[in-house]
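# prediction below, plus the sequence it came from.
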Amino acid sequence: MQRSAGLYGSLIVDVADGEKEPFHYDGEFNLLLSDWWHQNVHDQEVSLSSNPFRWIGEPQSILINGRGQFNCSMAAKFSSNSSVSQCKFRGNEQCAPQILHVRPNKIYRLRIASSTALASLNLAIAGHKMVVVEADGNYVQPFEVNDLDIYSGESYSVLLRTDQIPSKNYWISIGVRGREPKTPQALTILNYFPTSASKLPTSQPPITPPWNDYNHSKSFTKSIFALMGSPKPPKNHDRRIILLNTQTKVNGFTKWSINNISLTLPSTPYLGSIKFGLNHAFDQKSPPDNYDSNNYDIFKPALNPNSSYGNGIYTINFNTTVDVVLQNANALAKDVSEIHPWHLHGHDFWVLGYGEGKFRDEDEKKFNLKNPPLRNTAVIFPYGWTAVRFVADNPGVWAFHCHIEPHLHMGMGVVFAEGVHRVGQIPKAALACGLTGNKQN
Ligand SMILES: O=C1O[C@H]([C@@H](O)CO)C(O)=C1O
């Protein structure tokens, strides 16, 4: 859970020398979004690993570039009984929001990334529309939105045209989606030159869509298509893996499981144990490629909620094409199914489609093979499925997991390995623990 303790940052990859981006902009901002708890991360881990289970709850603040407020909502300035004086920022306080200073009639690129531990977010800028042009480092067919959903692990570029009255400033607001929010919106200001940055916007901050308006989320997510000319997926797959996502119990402890296995990472890193053939370093039996879909009702809590721990891996033949269908289901409590953003290491995948209910073989006919977006994170909606396709062309061992930190801690992930014998020398630091601690390459 290091991410929720603050271990994150952004890497911006520029286009190669001599290449041009397929859009123009005059300036850019980097907005790295995260969530923040007052309880320290070790206590959170203990709570999550306890029986009875104690959930970490919703974050106390949403942070923009590491800065946020608590008990001092800037929006309070707009309520009639607010003690306005408490909330004045000079701009140099640690928690003062980073203000976006812009010039009128220009185009700005906002690079927005979410490294939240839990929260799904929605970002809106009062009075302005945004044009989405890039998702997870891949260009998309530009489309215009009033607000943008972003799940943990995702990143977007949007173009913002500063075409509003420049004698005013405008709120940028970020609120929680997908879980009943108990966290105030994060706020900052779009400041037009030459207006003073301390002049407060005259209109209210944009209101986040209702947390459970999943149609709003789906309509955004399903508007994302690859830019024309982007690499297309292979027409067929060599293997299909269906991963049922369930909240389960292992020996009375609350866990998340994939095809009834809750991932517990071994103490020896996989790469070294596979390369050196250390067969006892992790379960040699592969986890299943499917679940008992004929007899499992995804709309109800499981009849038998018990699962087991495991750390076996999916070994994928090198250079083959794999479809993964992520199947959501009901959690332990009745009528609860949550959002999970799944993130793949080492590859981009094409998002071929989303569906409601249980995935059936005939759903494959509806896959988008024409212009599916290439991404590294894809969300599953409550009681729905999401299908992704990737080519296993990157030798190594790769995690594929729910990017919600407490969920991964509770076992919500799988491990893929491909072409490990092609991996060259493994750096010593990557072998420094477990059974490979004394291995020389
Ligand atoms: O993993 C989770 O546990 C809680 C809840 O299901 C049990 O308290 C919650 O909201 C999660 O996302």
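Perfect, I can see it now. Numbers count the residues shown, from 1 in each chain.
# the ligand contacts on this protein?
55, 247, 331, 338, 406, 407, 410 (CB under 6 Å from any ligand atom). All C-beta spots, glycine's among them, are computed from the backbone N, C-alpha and C.
# shaky segments in the stretch 301-441 of the chain?
Across the stretch 301-441 of the chain, the ranges flagged by pLDDT under 70 are 439-441.
# which residues in it form strands?
For the stretch 301-441 of the chain, strands defined by DSSP state E, counting those that start in this stretch occupy the ranges 308-310, 314-316, 321-327, 340-344, 349-356, 374-375, 377-380, 384-391, 396-402, 413-418.
# quick one: the ones you listed as TSV, columns for mean neighbour count too.
Below are the strands of the stretch 301-441 of the chain laid out as TSV (neighbours: other CB atoms under 10 Å):
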stretch	mean neighbour count
strand 308-310	17
strand 314-316	19
strand 321-327	22
strand 340-344	24
strand 349-356	21
strand 374-375	24
strand 377-380	24
strand 384-391	24
strand 396-402	22
strand 413-418	22
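# closest one to residue 158 among those strands?
Comparison of the strands of the stretch 301-441 of the chain against residue 158 by CB to CB identifies strand 374-375 as nearest, at 15.7 Å.
# ok so residue 215 is a helix residue?
Yes - according to DSSP: H, G, I helix; E, B strand; the rest coil, residue 215 belongs to a helix.
# and it, how far from residue 209?
10 Å (CB to CB, to the nearest Å).
# compare those two (neighbour count), which wins?
residue 209 (19 against 10; other CB atoms under 10 Å).
# host element of that one?
Under the criterion DSSP states H and E, no helix or strand holds residue 209.
# and the closest residue to it other than its chain neighbours, what does it touch?
Ranked by CB to CB, 6 or more residues apart in numbering and with sequence neighbours excluded, the top spatial neighbour of residue 209 is residue 216, at 4.6 Å. If you count contacts by CB atoms under 8 Å, 6 or more residues apart in numbering, residue 216 has them with 149, 209, 210.
# can you count the residues close to the last one?
Residue 210 sits with 11 neighbouring residues when counted by other CB under 10 Å.
# ok, it - contacts?
residue 216.
# and it, how close does it get to residue 419?
46 Å.
# what do you get for residue 307?
On the measure of CB to CB, residue 307 and residue 419 end up 30 Å apart.
# look at those two and report which has more neighbours.
Set residue 307 next to residue 419 and count neighbours by other CB under 10 Å: residue 307 wins out with 21 against 16.
# name the helix or strand for residue 272, please.
helix 270-275.
# show me what that helix is packed against.
Judged by 3 or more CB pairs under 8 Å, 6 or more residues apart in numbering; DSSP states H and E, the packing partners of helix 270-275 are strand 396-402, strand 413-418.
# contacting residues for the closest residue to the ligand within the stretch 51-200 of the chain?
The ligand sits closest to residue 55 of the stretch 51-200 of the chain, with a gap of 3.8 Å, by CB to the nearest ligand atom. The contact partners of residue 55, by CB under 8 Å, 6+ apart, come to 47, 48, 406.
# any chance of the residues you listed in TSV, plus neighbour count?
Converted to TSV, the contacts of residue 55 look like this (neighbours: other CB under 10 Å):
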residue	neighbour count
47	16
48	20
406	19
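# can you tell me the SS state at residue 133?
Taking three-state DSSP, the label given to residue 133 is strand.
# show me the contacts for it.
22, 23, 109, 139, 140, 142, 157, 158, 159.
# and with 7 Å instead?
23, 139, 140, 142, 157, 158, 159 (CB atoms under 7 Å, 6 or more residues apart in numbering).
# one more: residue 41?
1, 4, 5.
# swap in residue 190?
Residue 190 neighbours (CB under 7 Å, 6+ apart): 100, 102, 125, 169, 170, 172.
# scan the residues you listed and report the most crowded one.
Ranking these using other CB under 10 Å puts residue 172 first, with 26 neighbours.
# hmm, residue 247 and residue 307 touching each other?
No - with contacts counted by CB atoms under 7 Å, residue 307 stays clear of residue 247, the gap being 9.5 Å.
# give me the contacts around the longest strand anywhere in the chain.
The longest strand of the chain (DSSP state E) is strand 239-250. Under the contact criterion CB under 7 Å, 6+ apart, strand 239-250 has outside partners 254-259, 262, 289-291, 296, 302, 305-309, 314, 320, 322-329, 331-332, 340, 359, 380, 412, 414.
# residue 290: how many residues sit nearby?
13.
# how close does the closest residue in space to residue 370 that isn't next to it in sequence get to residue 342?
In space, and not counting its chain neighbours, residue 370 is closest to residue 232: 7.7 Å by CB to CB, 6+ apart. From residue 232 over to residue 342 the distance is 22 Å, taken as CB to CB.
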